[in-house]
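Colleague: The sequence and its predicted three-dimensional model are supplied below.
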Amino acid sequence: MFIEICPLPHLLTHFRFFITLRSIEGKYHSLILFRLTPTSDDNVQANNHIYVMESTCPHLGAEMSHAEIEECETSVVAVCPWHGYDFDLKTGKSETGLQTCTYDVEVRGDAVWVETPTDGSEWRLVELRHVSEDFADPPPAHSETTLPEQQTTSNPDEPVVPLDNPPRTLMEWAVLILNTPHPALKVERTREAVHLFRTGKLTSIGNKSKNAPKPPDVPLRDENFLKQTVDPAKVKSRKNRAVMLHALANIEQWAWDIMARFGSKHPNLPPAFFSDFTKMALDESKHFSLLTSRLSAMSPSTPYGSMPVHASLWESASITSNSLRSRLAIIHLVHEARGLDVNPATIERFRRAGDAESVKVMEVIHADEVTHVTSGHRWFTWACEQEGGIDPVEAFRDEVKRGWRGDLKGPFNKEDRERAGLKPEFYENLKGELGYEDPKEKAVPAKIVVGYGM
């Protein structure tokens, strides 16, 4: 069986693409597509120039998006960036004896079709995203080559890579970033950590180590950036564009926390989990950079950090700090899914105001957030399988009743929710029953700020 991926011209913009497929049974496969440049006058549409394989190495799960492509006498191979294992792009075989799954590609007319996995049925394409040459695949943060949307101003007194005890594992980087107050330095360290992880400079996730560092209860924030925290009710009615951009920039950064907080608690988490959430962390830093850059261009007198923010979202992070399944349900399948509902109206509001640049930024963010909810659904269903194959819908509704306060409010963006795996039976007619015996004794401090300015 084959599934249509996209029109061929769509692939001509980049050379590598992430592909995520989901079956009707709820199984996921993460694939990587390589489009090679023809070495002769061969037509670029020839099938032998497009290859698809599993996105992670079967050795230790390294992401293959940064694999080196080498031509041998009789084949073309992808070489894992971690330990140099090579895999034939056509057969998946390695000289080491390992083998990965590869999938046939057919170009039918103007469309690209890819063979589907055999362990499921009715496969659906839920993500096709290029391995970006400008941000998602950045040069090291200390590189002199920086694109405009990447430009940040970090603390000049603190290098991106600490001189003393530099992080050597992904877990160490995660905790360092959570403990970094300066928002721009957070962004730079995120880019550096993900780049090192993808290119094989970090050969260990570090979640199985007995000495894995512990994340902070509350990520640090720079008091020079965010000086005012207020009750959410005092800012919810403020709808001018600068305030909206400022608020959107502030409600970021869940990915590093979920990796650091639950990685060592669940040593059986597969490497694909960390690939998904490092990609999400990079998206979050990209969103922050895009939003703050747009905010500065729109309102130079009110840059990021000059407006009030509220702290309501970190309450959910604290409440779910002891359960991976709860964290995935409340943060990624309630909070982030709610973003799918409200983003289209926000985009339309910017469009009506004639703000085409903000529309472009919001469209990028919305597309990324569909994939974030997809990752939440993928790993929530995985957690349900690990707990004896419990029903994900029932488990989700139970988590919301215990960890959410009030109704899940519509209107719902059913189309994008379904793209991400959330069918209506997950969220319709659902009300959280979370409450406190004494409203003065909440589980979290009243003034915690969520975002890169934490």
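Modeller: Yep, it's here. Residues are numbered from 1 along each chain as shown.
Colleague: can you map out the strands along the stretch 151-300 of the chain?
Modeller: Ranges of strands in the stretch 151-300 of the chain, per DSSP state E, counting those that start in this stretch, are 229-230.
Colleague: in it, what spans have low per-residue confidence?
Modeller: 151-156, 223-239, 250-253 (pLDDT under 70).
Colleague: try it again with 80
Modeller: Counting by pLDDT under 80, the stretch 151-300 of the chain has low-confidence residues at 151-157, 203, 218-240, 246-247, 249-253, 299.
Colleague: Give me the nearest residue to Lys414, chain neighbours excluded.
Modeller: Pro424 (6.5 Å; Cβ to Cβ, 6 or more residues apart in numbering). In short, each C-beta sits where N, CA and C put it, glycine included.
Colleague: so what's that neighbour up against?
Modeller: Contacts for Pro424 (Cβ atoms under 8 Å, 6 or more residues apart in numbering) come out as 412, 414, 417.
Colleague: do Leu125 as well
Modeller: 3-5, 19-21.
Colleague: Check Phe18 too.
Modeller: Phe18 makes contact with 30-33, 55, 65, 127-131, 279, according to Cβ under 8 Å, 6+ apart.
Colleague: biggest helix in the chain by residues?
Modeller: helix 356-386 (DSSP state H).
Colleague: Now do the buried residues in that helix.
Modeller: 358-359, 361-362, 365-366, 368-384 (16 or more other Cβ atoms under 10 Å).
Colleague: cool, stretch 49-67 as well?
Modeller: By neighbour count on 16+ other Cβ under 10 Å, the buried set for stretch 49-67 is 49-59, 61-67.
Colleague: Could you chop the chain up by domain?
Modeller: The record's domain split for the chain, according to automatic domain parsing, is 2-130, 148-433.
Colleague: The residue lying closest to Val373 once chain neighbours are set aside: neighbour count?
Modeller: Nearest non-adjacent residue to Val373, counting by Cβ to Cβ, 6+ apart: Ala420, 3.8 Å away. Counted with other Cβ atoms under 10 Å, residues neighbouring Ala420 total 26.
Colleague: Repeat that for Lys186.
Modeller: For Lys186, using other Cβ under 10 Å, the count is 32.
Colleague: again, but for Pro392
Modeller: 21.
Colleague: I'd assumed Trp382 was in contact with it.
Modeller: No: taking contacts as Cβ atoms under 8 Å, Pro392 lies outside contact range of Trp382: 9.5 Å.
Colleague: looking at this, Phe34 is in a strand?
Modeller: Yes: counting by DSSP: H, G, I helix; E, B strand; the rest coil, Phe34 is part of a strand.
Colleague: Which residue is the nearest non-sequential neighbour of it?
Modeller: Tyr51 (4.7 Å).
Colleague: who's in contact with the one you found?
Modeller: 33-34, 36, 76, 89-90, 102, 105.
Colleague: what's the closest of those to Pro303?
Modeller: Nearest to Pro303 among the contacts of Tyr51: Leu33, at 39.4 Å, using Cβ to Cβ.
Colleague: And the longest helix of the chain, how far out from the chain middle?
Modeller: Using Cα atoms, centre = their mean, to the nearest Å, the distance from the centre of helix 356-386 to the centre of the chain it belongs to is 7 Å.
Colleague: buried residues in whichever helix or strand comes after it?
Modeller: Once the chain leaves helix 356-386, the next helix or strand it forms, by DSSP states H and E, is helix 392-403. By 16+ other Cβ under 10 Å, the buried positions in helix 392-403 come out as 392, 395-397, 399-400, 402-403.
Colleague: and the angle from the helix or strand where His29 lies to helix 356-386?
Modeller: Element membership for His29 (DSSP H and E) is strand 28-35. Using axes from the mean of the first three to the mean of the last three Cα atoms, to 10 degrees, the direction of strand 28-35 lies 130 degrees away from that of helix 356-386.
Colleague: so what strands line up beside strand 28-35?
Modeller: The pairing partners recorded for strand 28-35 under DSSP bridges are strand 16-22 (antiparallel), strand 50-54 (antiparallel).
Colleague: What separation do you get for Ser23 and Thr381?
Modeller: Distance, Ser23 to Thr381, by Cβ to Cβ, to the nearest Å: 11 Å.
Colleague: Over to Arg129?
Modeller: According to Cβ to Cβ, Arg129 stands 21 Å off from Thr381.
Colleague: cool, Arg294 as well?
Modeller: For Arg294, the distance to Thr381 (Cβ to Cβ) stands at 35 Å.
Colleague: For the one helix or strand Leu128 maps to, list every residue counted as buried.
Modeller: Using DSSP H and E, Leu128 sits in strand 124-130. Across strand 124-130, burial judged by 16+ other Cβ under 10 Å covers 125-130.
Colleague: quick check, nearest of those residues to Thr13?
Modeller: Each of the buried residues of strand 124-130 was scored against Thr13 by Cβ to Cβ, and His130 proved nearest at 6.6 Å.
Colleague: What are the neighbouring residues in contact with the closest one?
Modeller: 13-14, 16-18, 136.
Colleague: next one: Val52
Modeller: Contacts here follow Cβ under 8 Å, 6+ apart; on that basis Val52 touches 19, 31-34, 102-103, 105, 114-115.
Colleague: in the stretch 301-450 of the chain, which ranges drop under the pLDDT threshold?
Modeller: If you take pLDDT under 80 as the line, the stretch 301-450 of the chain has these spans: 301-315, 435-450.
Colleague: Please name the nearest non-neighbouring residue to Gly432.
Modeller: Excluding the flanking residues, the one nearest Gly432 by Cβ to Cβ, 6+ apart is Trp404, at 2.8 Å.
Colleague: which residues touch that neighbour?
Modeller: With Cβ under 8 Å, 6+ apart, Trp404 has these contacts: 316, 330, 334, 432, 434.
Colleague: Show the contacting residues for the residue nearest to Val373.
Modeller: With Cβ under 8 Å, 6+ apart, Ala420 has these contacts: 126, 337, 340, 370-371, 373-374, 376-377.
Colleague: so which pair among these is furthest apart in space?
Modeller: Val126 and Ala337, at 14.2 Å, using Cβ to Cβ across those.
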